[in-house]
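Trainee: here is a sequence with its predicted model. Questions after.
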Amino acid sequence: MSSSIRVRFAPSPTGMFHVGGARSALFNWAIAERSGGTFVLRIEDTDANRNRPEWTEGIISALAWIGIDTGSPVFEGPLYQSHQEPQHRAAVARLQADGRAYHCACTRDEVIARTGDSNRGYDGFCRDRGLAEGVVRFRTPDEGGTVVEDLVKGTVEFPNSAMEDFAIARSDGSPLFVLANVVDDIEMRITHVVRGDEHLSNTPKQQLLWDALGTTPPVWAHIPVIVNEKRQKLSKRRDKVALEDYRAEGYLADAMVNYLMLLGWAPADDREILPWSDMAQEFRLENVNTSPAFFDVKKLRAINGEYMRALSPEEFTAACEPFLDPSWDRKVFAELAPLAQTRLAVLSEIGELVDFAFLAEPVTDEAAWNKAMKEPAADLLKAAAEAYADAPWNAEELKTRLEEVGLRFGLKLGKAQAPVRVATTGRTVGLPLFESLEVIGREVTLARITAAISRLA
RNA sequence: GCCUCCGUCGUCUAGUGGCCCAGGACGCCGCCCUCUCAAGGCGGUAGCGGCGGUUCGAAUCCGCUCGGAGGUACCA
């Protein structure tokens, strides 16, 4: 039973991979992987995607980034849905032959004129007229309710009286999305449909169609949507939702996956940081929350930081590579990288932390300069330059010497280091100073201190 | 309008009648450590939308109410 599971994942056809879609994909992936089932990717918008293959490419590459590999044995796809295939028309015809659907010639205005209510749906006027043309409508049950058994939401009952005879094919005969969607799911032997709960309201229609087509409906699981700080569903226009953007900013895929899985689900123990293998093993749709979750970048950053600190120095250095200027000396960077590892939340911040070591002149932050270069900065820098002129060039010694210099001015190291830091790195905050000086060398250090002295003069 | 879903610290959550005067994590605040900034350690802040029931006992069950979200096309 569980080995025959086939989950369907349908990213939205917008050419951009939404974080909500990513989470949904991950949930699907987890249950498919754990049960040894099949993950079916379907891009639902036929026309848009047929004309823009790069959109599909983008989605596949985003999926690959978070570990959903198109080469995996439990992956099947991509599959485009077309609602113009023969089997869709055949299904419409079958439904009509079975008396489950009928032609209707009413216009919207006619319906409103009859019901006197623009809020109500179709009134069933053509139900028994035996027409041969027009839109095809599905004959909805008059009484009772349609019960959707949902793994996440539980038992949800929709009164049939609130469901109009909805259209399944246009008057030109072309099948509509709802119908095609169900037909394809049946054909692909989908057993589990896991999607955002914005689809819950349309589920009874689909379920009716599954039944009418003589097939047992799949297991439904409607997961809560992800919302913004205003508690609205994440929108492409307002919110930053493209998974690709987070990759570009320097979030680690593992951290992203971990965070996304935590949105609406929590492992049994108190762990929040845990490997994918554990999550996939423990994940149950039944344990997914029912309420919407806010996408909190602050927490994402914190988790990303955890993952970055857990990296070995080599892994961290490698992870930084895409965010480094090509001209920077990688040997020098390798020395600096371990110092930077605990000091950033996302990889894209690496540049501003280490650029001083590669540029001819440090980028000087004026506010930092004004703050650090107060009396007796000039004299202190002169003394430091002297002390450093003949110092053995290692961090330990550089620290000791500056400490001594500071003492002469009645300053502790915390104060005394500030002018030197700004002179050599351009900023008041940054990597450990003396290790940094060791890396850039005596010549560069002295040159920068001298330059600062003359600027102060 | 009608239908459906949702409502525990600012945020993500644990919690399915007593173990909860509600636990963890992020954030925030403070202290320690410290060459700056981080990291790390320690401590703190803050919550069951409201009202009525049921019960010896309710975050947990029921009703109402308020608030939020989504759906409702000859769109996909």
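Mentor: It's in.

Trainee: quick one: buried residues of the helix or strand where residue A:110 lies?
Mentor: Secondary structure assignment for residue A:110, by DSSP states H and E: helix A:108-115. For helix A:108-115, burial by neighbour count (16 or more other Cβ atoms under 10 Å) applies to residue A:111. From N, CA and C alone the C-beta is placed, and that goes for glycine too.

Trainee: for the following helix or strand past it, packing partners?
Mentor: Downstream of helix A:108-115, the first helix or strand assigned by DSSP H and E is strand A:135-138. The helices and strands touching strand A:135-138, judged by 3 or more Cβ pairs under 8 Å, 6 or more residues apart in numbering; DSSP states H and E, are helix A:86-97, strand A:101-104, strand A:167-169, helix A:203-212.

Trainee: contact residues of the stretch 101-250 of chain A facing RNA strand B?
Mentor: A:105, A:107-108, A:119-122, A:134-135, A:153-154, A:156-159, A:162, A:164, A:166-167, A:170-172, A:176-178, A:197-198, A:200-202, A:224-225, A:227, A:230-233 (Cβ under 7 Å from any atom of the strand).

Trainee: write a PyMOL command that selects only the buried members of these.
Mentor: This is the PyMOL syntax for the buried subset of those, where burial follows 16+ other Cβ under 10 Å:
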select buried, chain A and resi 122+134+135+153+156+158+164+166+167+176+178+197+200+224+225+227
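
Trainee: how many neighbours does residue A:399 have?
Mentor: Neighbourhood size, residue A:399 [other Cβ atoms under 10 Å]: 18.

Trainee: before we move on, what about residue A:407?
Mentor: Residue A:407 - counted by other Cβ under 10 Å - has 12 other residues nearby.

Trainee: in what helix or strand does it lie?
Mentor: helix A:395-408.

Trainee: doesn't residue A:172 lie inside a strand?
Mentor: No. Read with DSSP: H, G, I helix; E, B strand; the rest coil, residue A:172 is coil and lies in no strand.

Trainee: quick one, phi/psi of it?
Mentor: Torsion angles at residue A:172 (phi, psi; degrees, to the nearest 10) stand at phi -90, psi 0.

Trainee: and what of residue A:192?
Mentor: Per degrees, to the nearest 10, the backbone of residue A:192 is at phi -130, psi 130.

Trainee: report the mean confidence score over stretch A:425-432.
Mentor: The pLDDT scores in stretch A:425-432 average 96.

Trainee: please disregard the earlier target; I meant stretch A:137-151.
Mentor: According to the model, stretch A:137-151 has a mean pLDDT of 92.

Trainee: CA atoms of that stretch as CSV?
Mentor: The C-alpha coordinates for stretch A:137-151 follow below in CSV (Å, rounded to 0.1, in the frame of the first residue of the first chain):
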residue,chain,number,x,y,z
ARG,A,137,-22.1,21.3,-17.0
PHE,A,138,-21.6,18.7,-14.3
ARG,A,139,-24.8,17.6,-12.6
THR,A,140,-24.2,18.3,-9.0
PRO,A,141,-26.1,16.4,-6.3
ASP,A,142,-29.2,18.3,-5.1
GLU,A,143,-29.1,17.2,-1.5
GLY,A,144,-26.7,16.2,1.2
GLY,A,145,-23.1,17.1,1.3
THR,A,146,-19.8,16.1,-0.2
VAL,A,147,-17.4,15.0,2.4
VAL,A,148,-13.7,15.5,1.9
GLU,A,149,-11.5,13.5,4.1
ASP,A,150,-8.4,15.5,4.5
LEU,A,151,-5.2,14.3,6.2
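
Trainee: contacts for that stretch?
Mentor: For stretch A:137-151, the surrounding residues in contact (Cβ atoms under 8 Å, 6 or more residues apart in numbering) are A:95, A:99-104, A:122, A:126-127, A:155-161, A:163-168, A:200, A:203-205, A:207-209, A:212, A:219-222, A:285-286, A:288.

Trainee: list buried residues within those.
Mentor: Here, 16+ other Cβ under 10 Å leaves A:95, A:100-104, A:122, A:126, A:156, A:158, A:163-168, A:200, A:203-205, A:207-209, A:212, A:219-222, A:285, A:288 buried among the contacts of stretch A:137-151.

Trainee: just put the helices and strands packed on strand A:135-138 in CSV and tack on distance to residue A:141 and mean pLDDT.
Mentor: Output for the helices and strands packed on strand A:135-138, formatted as CSV (distance: least, Cβ to Cβ, whole Å; pLDDT from 0 to 100):
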stretch, distance to residue A:141, mean pLDDT
helix A:86-97, 14, 94
strand A:101-104, 13, 95
strand A:167-169, 15, 95
helix A:203-212, 8, 96
